[in-house]
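# Predicted structure and sequence below. I'll ask about it afterward.
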Amino acid sequence: MSENICKAFDKAAPCASMDEVRAGVNALDDVLVPLLVERSAYMTQAARVKNDEGLVRDEARIQAIVDRVRPMAAAQGGDADLMERLYRAMMECYIDFEHQELARLRGQGLQPRAPGAAQE
Ligand SMILES: O=C(O)C(=O)C[C@]1(C(=O)O)C=C[C@@H](O)C=C1
């Protein structure tokens, strides 16, 4: 019983109109957007630390994140397949952003990492 009352899925307010639905969505977007921006700042740092276009996409890490968020979503009463699709699409956008950031940092003078050099 108590395991059911704190699930995120059940926190959505019951809505009788689309205005209510959209107010609920807007309130969540107010929380989500700053978090997504903060996540993007880690992509900027990943671009600098990797400093190698060939390292930006990391399939093993992508799979590890998917494997981590699927059960998290299910534990919150959510749909694990939906969460995987969201995360895979989101990570493609962050990969594009990481490439963009690496190009920007190179434009600011970041020198390409020497082949075989250890990451900091
Ligand atoms: O963990 C990394 O290596 C990252 O660059 C971050 C991130 C992500 O979490 O969105 C983005 C690109 C990689 O393909 C894997 C994961």
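It's in. Nothing here was measured: the structure is a model prediction, and the numbers come from that model.

# Could you count how many residues lie near residue 46?
By the criterion of other C-beta atoms under 10 Å, residue 46 has 20 neighbours. To be clear about C-beta, it is placed using only N, CA and C from the backbone, and glycine gets the same treatment.

# Kindly apply the preceding question to residue 99 instead.
Neighbours around residue 99, by other C-beta under 10 Å: 15.

# and after the lowest-mean-pLDDT helix or strand in the chain, which helix or strand comes next?
Least confident element among the helices and strands of the chain, by mean pLDDT, DSSP states H and E: helix 2-5 (a mean of 55). Moving toward the C-terminus from helix 2-5, the first helix or strand encountered (DSSP states H and E) is helix 18-50.

# Quick check: mean pLDDT of that next one?
For helix 18-50, mean pLDDT is 98.

# next one: stretch 64-72
Averaged across stretch 64-72, pLDDT comes to 98.

# Tell me the buried residues in it?
Within stretch 64-72, the residues scored as buried using 16 or more other C-beta atoms under 10 Å are 65, 66, 69, 70.

# Distance of the second one relative to the ligand?
With distances defined as C-beta to the nearest ligand atom, to the nearest Å, the gap from residue 66 to the ligand amounts to 10 Å.

# Specify the local secondary structure of that residue.
Three-state assignment for residue 66 (DSSP: H, G, I helix; E, B strand; the rest coil): helix.

# That one touches residue 85, doesn't it?
No. Using C-beta atoms under 8 Å, residue 66 makes no contact with residue 85, being 9.7 Å away.
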